[in-house]
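**Q** Give the three-dimensional model of this entry:
(one chain, ligands or ions: 1)
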Amino acid sequence: WSRTAHKRGDDLVVGGVALADLAAEHMTPAYVLDEEDFRARAVGFRDAFAGWQVYYAAKAFVCTGVARWIAEDGLHLDACSSGELTVALRGGVDPARIEYHGNNKTVPELRRVVSAGVGKVIVDSLTEIDRLADVARDLGTVQPVLVRVTAGVEAHTHEYIATAHEDQKFGLSITSGDAFEAVRRVLAAPGLELRGLHSHIGSQIFDASGFEVAARRVLALHARIAAELGVELPEMNLGGGFGIAYTTQDDPADPADLAAAMRSIVEHECRALGVAVPQLSIEPGRAIAGPSVCTLYTVGTVKPVRLDGGAVRTYVSVDGGMSDNIRTALYDADYSCTMADRRSEAEPVLARVVGKHCEAGDVVVKDEFLPGDVRPGDLLAVPGTGAYCRSMASNYNHALRPPVIAVRDGVARVLVRRETEDDLLATDVGDQE
Ligand code: LLP
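**A** Below you'll find the predicted structure:
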C-alpha cells in the first residue's frame, strides 16, 4: 500500500480521500495515484543516490502530470519511444535531462530525438551507430551516446546465472567483442560523442548482487577501453530493475542500502582497475511508480465454484480486468486486494478476482481471502498497480482505459481522464470505399 493509505471507519482512505467518495464521483475502474507517495519515492532515490543521476523509467507509467513532478523534483527521465518523449517534453522535462532507449530506432525517430536535443541516446546495435551518425551529421550536430552492453548476468529475482542471458535482443555482447567494436565505431564517428557504457540486467530484482556482478564486468570493459583506446569514459549507467513488494512475501531492498552496496562495489573496482569513478546513473521505474497506485473496481457478480476435492473458490467479477492489468495473465504476477468501502465480520472465503473480458485467463488477483458476504456493489482496491498496468493497458474487447486520478491532502485531481467510445471511434475511419 502507498504511504498515506489507511482505514477510517468503514472507509479505505488514500491521500486524504475516501476511495468510496472517489468511486462515487469518478466511477470505476480507476487508478488512484497517491502523489505524496510517488514523489517521496522519486526523491528517496534521488537522495539515496546523491551524486548519481537518477533517470525515472517512464515506461513504468508516465503522463504529463507525472513528467512535471519528475522535472520539479530534480530527477532525469528515461524514454524509449517517441510517445514517451512527447509526454515528457509536454510535461516540461528538460530534453538535456532525457535519455533515449530502444533496440530498433528508426531514422525519423532518431531525427526527432536528436533535433529535440535529447541528452543521451543509448545505442543498442552496430546498425544503429551508422544510422545515428548519419542523422547527427545531417542535422549538423554532435549527439552524446552511451553504448548498451550485455553484462551476461541473468537476474531471476534472487538467482544470478553468470554468463547467461546473451540470448536476447538488447545490448551488445561483451564476451563476443561486439561491445568493444561498437565503442571503437562510436569513437570514430564524427557526429557522435561517446559518453560511456550502459547496462540493464532485468526487472523486479531484490538484492544488489546482480548489479555488483554486472558493474564488475562493465567496469572491466571500461578499463580495457582506457588501456587499449586511451579513452577514460566519463559516465556509466547501471540501469533499473529494483524490485517492489506485490504481496507480503516480497522483501525489497531499501534504496539507501542498494546505493551503499552499488557505490562500494564501483569504488572498489575502480581502485583495483586504476580508473577514476565515472559519473554514475540508474533508471528505476517500478520502484518509484509501482507502490503509489491502487486500482479501484466494483464487484459485479459473485460465483462460488466447487473444486476437485470439495473446496470452493469464489469467483468475484469486477468491472475491469486484463485490459487494465495484464500482469497477472502475462507474468503470473501476484496481487492482493481488499474491500474499500465497508467492514465485514463474515467468515473469509478463498476468492479469485476476475475481469469482464472474454477469456478464462482474465484474472486480476489469483488468490485472496475476502469476506464471505462479498456481494455486487462492493468496492475492491488492488494495491501496487502503479507500474506497467496503465502503461500496458489495452482496449481489448473495446474496453475504455480507466482514468488516473491523483490524490493528495484530501483533494482528487484527474491526471488522465477515462476514455470514451468516441475516443475509440476517433481512429476507426470506416470503410471509405
Ligand atoms: N532501464 C531499462 C533499459 C529497462 O529496459 C527498464 C525496464 C528499466 C530501466 C526500468 O525497470 P524497472 O525499474 O521498472 O524494473 N512490463 C514488465 C517490466 C518490463 C521492464 C522493461 N524494462 C512488468 O510489468 O513487470
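
**Q** OK, now which residue of the stretch 101-250 of the chain is nearest to the ligand?
**A** residue 240 (3.0 Å; C-beta to the nearest ligand atom). Yep, even glycine has a C-beta here, placed from its N, CA and C like the rest.

**Q** Quick check: closest non-adjacent residue to that residue.
**A** What sits nearest to residue 240 in space, not counting adjacent residues and going by C-beta to C-beta, 6 or more residues apart in numbering, is residue 283, at 3.8 Å.

**Q** how about the strands in the stretch 151-300 of the chain?
**A** 153-156, 159-162, 172-173, 192-198, 235-237, 279-282, 293-306 (DSSP state E, counting those that start in this stretch).

**Q** same thing with the stretch 301-433 of the chain?
**A** Remark: strands assigned in the stretch 301-433 of the chain by DSSP E, counting those that start in this stretch are 312-318, 338-339, 348-354, 363-371, 379-383, 404-408, 411-416.

**Q** out of these, nearest to residue 268?
**A** strand 379-383 (37.9 Å; C-beta to C-beta).

**Q** Just want the angle from the closest one to strand 293-306.
**A** Per axes from the mean of the first three to the mean of the last three C-alpha atoms, to 10 degrees, the angle that strand 379-383 makes with strand 293-306 is 120 degrees.

**Q** Which elements pack onto strand 379-383?
**A** Applying 3 or more C-beta pairs under 8 Å, 6 or more residues apart in numbering; DSSP states H and E, we find strand 379-383 packed against helix 19-26, strand 293-306, strand 338-339.

**Q** So which elements touch the last one?
**A** The one in question is strand 338-339. Using 3+ C-beta pairs under 8 Å, 6+ apart: strand 338-339 touches strand 379-383.

**Q** so what's the backbone phi/psi at the closest residue to residue 299 other than its chain neighbours?
**A** Among residues not flanking residue 299 along the chain, residue 378 sits closest, at 4.4 Å (C-beta to C-beta, 6+ apart). Torsion angles at residue 378 (phi, psi; degrees, to the nearest 10) stand at phi -70, psi 150.

**Q** Correct me if wrong: residue 378 contacts residue 300.
**A** No. Counting by C-beta atoms under 8 Å, residue 300 is not a contact partner of residue 378; they are 9.8 Å apart.

**Q** Between those two, point out the one with more neighbours.
**A** Ranked by neighbour count (other C-beta atoms under 10 Å), residue 378 and residue 300 place residue 378 first, with 21 against 14.

**Q** how far away is that one from the ligand?
**A** Distance of residue 378 to the ligand, given as C-beta to the nearest ligand atom, to the nearest Å: 27 Å.

**Q** Under the pLDDT cut-off, which ranges of the chain? List them.
**A** The model of the chain has pLDDT under 70 over residues 156-164.

**Q** can we see that at 50?
**A** Along the chain, segments meeting pLDDT under 50 span 158, 161-164.

**Q** Could you give the secondary structure assignment for the most centrally placed residue in it?
**A** Central residue of the chain (C-alpha atoms, centre = their mean): residue 60, 2.5 Å from the mean position. Put simply, residue 60 is coil when judged by DSSP: H, G, I helix; E, B strand; the rest coil.

**Q** For it, grab phi and psi.
**A** Main-chain dihedrals, residue 60, degrees, to the nearest 10: phi -60, psi -50.

**Q** picking up where we left off before, let's have the helices and strands packed on strand 379-383 in CSV, adding distance to the ligand.
**A** Converted to CSV, those look like this (distance: least, C-beta to the nearest ligand atom, whole Å):
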stretch, distance to the ligand
helix 19-26, 24
strand 293-306, 13
strand 338-339, 22
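
**Q** Let me have the ones you listed in JSON lines, extended by distance to residue 140.
**A** Output for these, formatted as JSON lines (distance: least, C-beta to C-beta, whole Å):
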{"stretch": "helix 19-26", "distance to residue 140": "49"}
{"stretch": "strand 293-306", "distance to residue 140": "43"}
{"stretch": "strand 338-339", "distance to residue 140": "58"}
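
**Q** returning to what we had before: list the contacts of the residue nearest to residue 299.
**A** 298, 299, 339, 341, 342 (C-beta atoms under 8 Å, 6 or more residues apart in numbering).

**Q** what's the neighbour count on the closest residue to the last one other than its chain neighbours?
**A** The reference is to residue 342. Spatial nearest neighbour of residue 342, excluding adjacent residues (C-beta to C-beta, 6+ apart): residue 10 at 4.9 Å. Around residue 10 there are 13 other residues, counting by other C-beta under 10 Å.

**Q** go on, residue 275?
**A** Neighbours around residue 275, by other C-beta under 10 Å: 17.

**Q** now swap in residue 83 and tell me
**A** Residue 83, neighbours per other C-beta under 10 Å, totals 11.

**Q** Residue 213 too?
**A** Residues near residue 213, counting by other C-beta under 10 Å: 19.
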